[in-house]
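Chemist: The following comprises the amino acid sequence and a computationally predicted model.
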Amino acid sequence: MLAPTPSRAVDIPFTQVFFGRQFRSVLDDVAHYPDAYVSLEASYWDIYYERRGNRLHDYDQRALSATALGRRGAVLLGLCAWSDDLSLQQENVYTDSDRMEGNKSNDGGKVMLGYTLARALPLAVTALEVVGSAGTNGEFLADLELRLSWSRTADLLFKWETFSNALDIDETANGSEFPFHFPFETDRWFARVQVNAPDAFRFRVWGLYETNSGAGDSVEDFENRVWFRRGGVGGSIDYRLEPAHRLYLAPRLSDVEARGPGARLRVEYTAADGDLGMHFNGVRYLHLDGLEFANPIARADIVPLRWLSVFGGWERLQLEHHGSSFFDVWPFSIWDIFLAKRYRLDEFETTLDTWFVGATGRFENKPFLAEFSGRFEWWDGATHLDWLERVDILFPFFFRYERHHESWEIEADYAVQADAALWWRFGSRSSIRVSGRATIPFETSEDTDSGGGPGGPPKPGPPAPPASDSSHGGLMGTVELVIGR
């Protein structure tokens, strides 16, 4: 295997890449918008771009959405339409003639209906809010959101949603074309409990459980069967702060309770596992099971002033495999038994740790509001891979598997991540918000490769790339226009 080409550190929005827009609560959002409004939103993610000679990686994602929502008394009515597009492109990554183009399009719309019941209810509940929606993106989709409130002391939010999606990839290698269709049928459950305690404390606990599965239709005799499960738990403790919301870039001191500094401590843990089966003419040629993913996060914010906060934290991304996977090489014919290569994935583990410290600022001069956040990041990552290759001893009857080991380490990688959000409120109920993120690496260490099989000497690294080569990524931007009345 070739030694990897050193890459610049970027911030990749994994959740948006695979599942589109992150979780949003309609009931949380309506508290920050006018009673009746139209929202137009456009987003772009420059996920990653790398050009090294004739080798190319190019991945980006675009999203557009329009929402119209209004309340009349206790009834809420709304419409939403969207278009999401993920684009993947590779050239000459594995050979001098391979090419891959991938696309995940998610265009759809839905109708929303909600109702609020504000009176004394069983179990001392003082208010019940419910909103549901149904629509299509080529397949049926629906969601249901419910919130129970106990005066000003506590509330419970629950949301369920179901939808379908698919990733289509066309691969060209050595003059042959191979289509791959990866379907997803997703069911997601989210619950959150918030308690407003005495002495300006607020506690939040939440949990998420999600299943993704799909057995796609055969595309030119290729079929892929996907299974993926994700779960997560988290919690936060706030002191003299407003509840966190997706529109808030910086923590905000409470207008009611704040008489001094505020603080927030948040911890979160997400874990996932999955399997993938790939078939051709009903014969399985790839079996990948036992994939495990973990993502713990810890962050602390201190807000000494209304316009200033400082924070620090740690995050880990970890992917590992300890299953009995195999994958075979084309062509797919009966002669594969004797001629095609066979590979086994034995042990695989990759880990990326990120430590960060930073500060946020918030400046308001009506009708303008600006929020900025910058953080310095330390990156530390390592990858270890054991794989087996079938070689013949006495063709075509006896074979054995030869073990290979690859190991890469990335140390002392640094980056600055910058976030900004600018608001302009025009009229009494309308606004435009522009937000963005850039991750700017300014030092990248050399990768080391200790591969080459047992006892093999280290392989030399790749030559220095020409000046025309380039890489970038980790750029995200969103524009939202809200017109209310």
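Modeler: Received it, and whenever you're ready, just let me know what you need.

Chemist: Strands along the stretch 1-150 of the chain, start to end?
Modeler: When assigned using DSSP state E, counting those that start in this stretch, the strands of the stretch 1-150 of the chain occupy the ranges 36-52, 55-72, 75-91, 99-117, 127-136, 140-150.

Chemist: who wins for proximity to A298 among the ones you listed?
Modeler: Proximity to A298, assessed across the strands of the stretch 1-150 of the chain by Cβ to Cβ, is greatest for strand 36-52 (25.3 Å). Bear in mind the C-beta positions are built from the backbone N, C-alpha and C, glycine included.

Chemist: C-alpha coordinates for the closest one, PDB please?
Modeler: Taking Å, rounded to 0.1, in the frame of the first residue of the first chain, the C-alpha atoms of strand 36-52 are listed here in PDB:
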ATOM      1  CA  ALA A  36     -46.100  34.400  11.600                       C
ATOM      2  CA  TYR A  37     -43.100  34.400   9.400                       C
ATOM      3  CA  VAL A  38     -41.400  33.100   6.200                       C
ATOM      4  CA  SER A  39     -37.800  31.900   6.400                       C
ATOM      5  CA  LEU A  40     -35.500  31.400   3.400                       C
ATOM      6  CA  GLU A  41     -32.200  29.700   4.200                       C
ATOM      7  CA  ALA A  42     -29.200  28.700   2.000                       C
ATOM      8  CA  SER A  43     -26.100  26.800   3.200                       C
ATOM      9  CA  TYR A  44     -22.800  25.700   1.700                       C
ATOM     10  CA  TRP A  45     -20.200  23.300   3.100                       C
ATOM     11  CA  ASP A  46     -16.800  23.100   1.400                       C
ATOM     12  CA  ILE A  47     -16.000  19.800   3.000                       C
ATOM     13  CA  TYR A  48     -12.600  19.000   1.500                       C
ATOM     14  CA  TYR A  49     -10.600  19.700  -1.600                       C
ATOM     15  CA  GLU A  50      -7.200  18.300  -2.400                       C
ATOM     16  CA  ARG A  51      -5.300  18.400  -5.700                       C
ATOM     17  CA  ARG A  52      -1.900  16.400  -5.800                       C
END
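
Chemist: Give the pairing partners of it; include direction for each.
Modeler: Under the criterion DSSP bridges, strand 36-52 sits next to strand 55-72 (antiparallel), strand 470-484 (antiparallel) in its sheet.

Chemist: Mind checking the pLDDT average for the last one?
Modeler: For strand 470-484, the mean pLDDT works out to 89.

Chemist: go on, stretch 287-299?
Modeler: Along stretch 287-299, the predicted local confidence has a mean pLDDT of 89.

Chemist: ok so, going back, would you reformat the strands paired with strand 36-52 as CSV and include distance to C80?
Modeler: Below are the strands paired with strand 36-52 laid out as CSV (distance: least, Cβ to Cβ, whole Å):
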stretch, distance to C80
strand 55-72, 5
strand 470-484, 14
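
Chemist: With respect to D85, which of those lies nearest?
Modeler: Closest among those, using Cβ to Cβ: strand 55-72, at 5.0 Å.

Chemist: Please state the offset of that closest one from the chain centre?
Modeler: From the chain centre to the centre of strand 55-72 is a distance of 14 Å (Cα atoms, centre = their mean, to the nearest Å).

Chemist: Just the buried residues of it, please?
Modeler: 55-61, 63, 65-70 (16 or more other Cβ atoms under 10 Å).

Chemist: Check stretch 240-252 too.
Modeler: By neighbour count, and taking 16+ other Cβ under 10 Å as the criterion, the buried residues in stretch 240-252 are R240, L241, E242, A244, Y248, L249, A250, P251, R252.

Chemist: again, but for stretch 101-112
Modeler: Counting neighbours by 16+ other Cβ under 10 Å, one finds that the buried residues in stretch 101-112 are G102, K104, N106, G108, G109, K110, M112.

Chemist: Then stretch 345-354?
Modeler: Burial within stretch 345-354, assessed by neighbour count using 16+ other Cβ under 10 Å, is assigned to L345, D346, F348, L352, T354.

Chemist: hey, what's G313 bridged with?
Modeler: For G313, the beta-bridge partners are R299, F356 (DSSP bridges).

Chemist: Mind checking what secondary structure the closest residue to H32 other than its chain neighbours has?
Modeler: With Cβ to Cβ, 6 or more residues apart in numbering as the criterion, H32 has its nearest non-adjacent residue at 6.0 Å, and that residue is L247. With DSSP: H, G, I helix; E, B strand; the rest coil as the basis, L247 sits in coil.

Chemist: what's the spacing between L247 and S435?
Modeler: Shown here: L247 relative to S435, a distance of 9 Å by Cβ to Cβ, to the nearest Å.

Chemist: Give the residues shared as contacts by these two.
Modeler: Taking Cβ atoms under 8 Å, 6 or more residues apart in numbering as the contact rule, L247 and S435 have no neighbour in common.

Chemist: Out of the buried residues of stretch 240-252, flag the one nearest to T126.
Modeler: Nearest to T126, judged by Cβ to Cβ, of the buried residues of stretch 240-252 is E242 at 21.1 Å.

Chemist: what's the distance between that closest one and S133?
Modeler: Following Cβ to Cβ, the distance that separates E242 from S133 is 27 Å.

Chemist: Then S87?
Modeler: Per Cβ to Cβ, S87 is found 28 Å from S133.

Chemist: and those two? which has more neighbours close in?
Modeler: The residue with more neighbours, out of S87 and S133, is S133; 20 against 15, by other Cβ atoms under 10 Å.

Chemist: returning to what we had before: same list, the buried residues of strand 55-72, but as a markdown table with pLDDT please.
Modeler: Output for the buried residues of strand 55-72, formatted as a markdown table (pLDDT from 0 to 100):
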| residue | pLDDT |
| --- | --- |
| R55 | 89 |
| L56 | 91 |
| H57 | 89 |
| D58 | 91 |
| Y59 | 90 |
| D60 | 90 |
| Q61 | 89 |
| A63 | 91 |
| S65 | 95 |
| A66 | 97 |
| T67 | 96 |
| A68 | 97 |
| L69 | 95 |
| G70 | 94 |
